[in-house]
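# Kindly return the folded structure for what I paste below:
(chains A and B)
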Amino acid sequence: MTIVQNPQIDAPDQESTASKLVTRVKRVVASNPSVLPTVAAIVIFIGMVIYGELAYGRIVQYNTLSNLLINNAHLIILAVAMTFVILTGGIDLSVGSVIALSSVAGVMLANAGWNPWIVILLMVLIGTLFGLASGILIQYFNVQPFIATLAMMFLGRGLASLLSTQPERLAEESPIRWLGEQFKIIDGPKVNDVVITPGVIIALLVVFGAFFVLHRTRTGRTVYAIGGSESSSALMGLAVPRTKVLVYVISGTLSGIAAVVYTSRLGIAQNITGIGWELDAIAATVIGGTLLTGGYGYVLGSVVGALVLGLMNVLITRDGGIPPEMTTIITGGILLIFVLLQRAVTSKRHT
Amino acid sequence: MSEALPIVEMRDISIEFPGVKALDGVDFRLFQGEVHALMGENGAGKSTLIKALTGVYKIDGGSIVVAGQERQFHGTRDAQSAGVSTVYQEVNLVTNLSIGENVMLGHEIRGAFGVNWRATHAAATEALARLGLEHLDTHKPLSTLSIAMQQLVAISRAMAIKAKVLILDEPTSSLDAAEVEGLFRVMRSLRDQGVAILFVSHFLDQIYAISDRLTILRNGRYEGEYLTRDLDRHALISKMIGKDLGALSSLGGNRRVDDRDYAAEEPLLTAKGLGRRGSIEPTDLDVHRGEVVGFAGLLGSGRTELARLLYGADRADEGEVTLHGKRVDIKSPADGLVKRIAFSTENRRDEGIIADLTVRENMILAVQAERGWARPIPRKEQDELVEKYITALNVRPSDPNRLIKNLSGGNQQKVLLGRWLATNPELLILDEPTRGIDVGAKAEIQEAVAELAESGVSVVFISSELEEVVRLSERIVVLKDHQKIGEIVNGPEITAQHVVDVIAAHGVEAAAESGIIDAEGQHDIAASHPSESSPADAHAYAATEEES
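You can find the predicted model right below:
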């Protein structure tokens, strides 16, 4: 944040890219207090990394950070999905159970000998279908997003349990596992390697895609506008109904993709997979600075939010002295701090 | 201009809602390069006609021709793409996005990598420049602008999407005089650029200041189209309300010549040194039986705050209130009600009506609250009460089972008045009961207040329209900067100017010269920032806004 204090230079033509960036960041922060919670999330993440390094060691090294991404790729994708929905002022509670249904169905179909690529496509489409159903319920039947996606959540969980109540194991030789396979990028000393999985690449592509859609397309700007005021957006002639359905379709589809990424890494699907993940995704989004009432927030913030949650688990494991039950309490505490921070920012804006 | 073909021609438009004919054979035409005022009382069908044009409502009969083609739009989006843009009373923009985005939303300029923000903001600046607002930083959030500036941004948006027809539905109701002048300058400039402007306002002065032509509606029917300069105020109002102005102007005069000696009587309510830190300085006040006491002052002068202390919405930190000679402590509005003090809020929409309840339910609410929920009012008694006040206050439509949100503002206000009258109060506090309602309903409410006072009810009447306060009140309490600065005993020689003089004489900043009250006193004196209301050009006041 110190660079922000640089005096503003009247942009000459040969201005360097760096000072352009500085001016830009400065202008964004100065004109837009809503980026503050996101900036705070980044600061907290860095703080946690530093604390972890000092207290336990072996945090700032290749394999820890690689594993952080690998283990949380699905959560990052879910947080991105949730960001779209929350930006419009909605909520999607069905993402966790969509993952359960999609994984169980996918693994069973793959084990039944279906073409793995068709299986992956179907897993994604299951999510799309659930999102579409939520969107239509919300937009055209005027059901509250909370209720509509709650219904979808129960439906998804129920269907998954109908398929199987046993852990379904993906065959060792299934090509789907390739998505979870680890590739060494940099071979460090001992096990300290930079490792990446196709799943992580998918997650990164999702993040960049979402960023592009939200910040560089009319549809994305309409998402923000709906969060600002749905009725104003309609009167401004924006495609409100289409966009509202679309955000749930996006959310569902991304849940399907998260199911693929998660299943390929774990190799096991179960009907109880993903219980409470919708809440993790909401927490990540809120910690990342997205306002639950909609209109303010950034997809990159949600990624940081997901990493904060992931890193917290790592630190608790490393500590060893903290009982695992404390995880949820700490998550709750962090969430509370961020909500209070948002409250402070919004009240500043209104006065 | 008028020899050319009209850009909008609506013929024989009819719209029916269940049970009501909202529009009945209305004609309307709009030419390029004119400002055309649409006139009529609340409920005359102005909004319905606009919604018919923009496709929000489907027409049941008639034809709409836009730019030579018969059209029936399917909503705002459709209308906009045909060049018909609307700016509403409530600014319909999104405050979470930047000024530039609000101008360009849905029409952003796109390049190979999605939206090209540089070009988009440049286009926004260009659109703002057409209104003389090129100095605004389009990257700043819209929420940094005042309502008046947001209104202008909304108009810029219409220009950015190349509107040929601009509909301004009561754009001035929340602007002060200088801001209105800024808006008019923009409207004239757009008119000269060939834009056809449809303008709706309740302020007759504004109609005469800006419009070239006007169409009058009454009760959903077409009353006529006139050149504004051919029709004087009297004729215009008569055509709008369909009867002579006599009833209106006879009001008032007789109330003033009231030679009761109030000082000799024991007051109904006395406040001594009543105050609350941060909202109103210690104030003395007497209200006598059957007296109308006006509270005059600018918005934010402490009018509402003083009233809130009187009926218990806020607790006073100091001073005391005596009612019927006995000291009382009014703890809450419910307690106020028990002591026969009723209050009708200035914020009709949020604190007044319950939008999704019927006229009947809204009206009996206070009586029911007073009796307690355990003792429901029998249907027969409800019917009698509701019937009585609907008739007495001339609520239209007179259907008690209609949802109140479907009534016009003036009629909602009458229902609220009925709600408090039903509690049979001794002291009725009316905060801005006539704001934003048309001249006919206004006269009816004023008449009701005068009659109430005749019948012995004491009324505290708060209004930004000084003319109205002077016309109705026996005594005028003048407030400024959260304190009472004077009291005027009304008489035939007192005019709104006297009140302005009292406000102006107090303190250094002379509010009178800031142009917040025009000759007719028709204007809202909502200017709370004297610095902004100086007769400056649009640039100057825009600059003030940016700093704040």
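
# alpha carbons only for contacts and neighbour counts from here, please
OK.

# How far off centre is stretch A:157-165?
What separates the centre of stretch A:157-165 from the centre of its chain is 25 Å, taken as C-alpha atoms, centre = their mean, to the nearest Å.

# Ignore what I typed, I meant stretch B:181-199.
22 Å.

# Run through who's touching it.
The set of residues external to stretch B:181-199 that reach it, using C-alpha atoms under 8 Å, 6 or more residues apart in numbering or on different chains, is B:7, B:30-38, B:131-132, B:152, B:163-170, B:210-211, B:537-538.

# In PyMOL, select just the buried ones from these.
Here is the PyMOL command that selects only those of the contacts of stretch B:181-199 that count as buried (16 or more other C-alpha atoms under 10 Å in any protein chain shown):
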select buried, chain B and resi 7+30+31+32+33+34+35+36+37+38+131+132+152+163+164+165+166+167+168+169+170+210+211+538
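
# Please list which of the contacts of stretch B:181-199 also come close to chain A.
Among those, not one lies near chain A by C-alpha under 8 Å from any C-alpha of the partner chain.

# Okay, now the unreliable bits of chain B?
The model of chain B has pLDDT under 70 over residues B:1-3, B:19, B:42, B:174, B:243-260, B:263, B:299-300, B:507-548.

# switch the cut-off to 50
Counting by pLDDT under 50, chain B has low-confidence residues at B:1-2, B:250-257, B:508-548.

# re earlier: the contacts of stretch B:181-199 in strands, which ones?
B:30, B:35, B:36, B:37, B:38, B:165, B:166, B:167, B:168, B:169 (DSSP state E).

# which one is the residue nearest to the spatial centre of chain A nearest to, not counting chain neighbours?
Centroid-nearest residue in chain A: residue A:79, 1.6 Å away (criterion: C-alpha atoms, centre = their mean). If the residues on either side of it in the chain are set aside, residue A:79 comes closest to residue A:281, at 4.6 Å by C-alpha to C-alpha, 6 or more residues apart in numbering or on different chains.

# so after the helix or strand containing the one you found, what's the next helix or strand?
Using DSSP states H and E, residue A:281 sits within helix A:277-287. Downstream of helix A:277-287, the next assigned helix or strand under DSSP H and E is helix A:299-319.

# Which strands or helices does that next one pack on?
Under the contact definition 3 or more C-alpha pairs under 8 Å, 6 or more residues apart in numbering or on different chains; DSSP states H and E, helix A:299-319 sits against helix A:36-55, helix A:62-87, helix A:198-216, helix A:277-287, helix A:326-350.

# Strands along the stretch 201-350 of chain B, start to end?
Listed in chain order, the strands of the stretch 201-350 of chain B (DSSP state E, counting those that start in this stretch) span B:213-218, B:221-227, B:269-276, B:280-287, B:292-296, B:318-323, B:326-328, B:341-344.

# The following helix or strand past the last one: which residues count as buried?
Read it as strand B:341-344. Moving toward the C-terminus from strand B:341-344, the first helix or strand encountered (DSSP H and E) is helix B:359-371. Under the neighbour-count criterion of 16+ other C-alpha under 10 Å, helix B:359-371 has B:359, B:360, B:361, B:362, B:363, B:364, B:365, B:366, B:367, B:368 buried.

# circling back to that earlier point, check contacts around the residue nearest to residue A:79.
The contact partners of residue A:281, by C-alpha under 8 Å, 6+ apart, come to A:75, A:76, A:78, A:79, A:82, A:306.

# Number of residues surrounding the second one?
A count of neighbours around residue A:76, defined by other C-alpha atoms under 10 Å in any protein chain shown, yields 30.

# Isn't residue A:171 up against residue A:113?
No. The criterion here is C-alpha atoms under 8 Å, and residue A:171 misses it with residue A:113 at 10.1 Å.

# Might you name the residue of the stretch 1-150 of chain B sitting closest to chain A?
Closest approach between the stretch 1-150 of chain B and chain A, counting by C-alpha to the nearest C-alpha: residue B:77, at 3.9 Å.

# Identify each buried residue in stretch B:323-342, please.
Quick answer for stretch B:323-342 (16+ other C-alpha under 10 Å): B:329, B:330, B:332, B:333, B:334, B:335, B:336, B:337, B:339, B:340, B:341, B:342.
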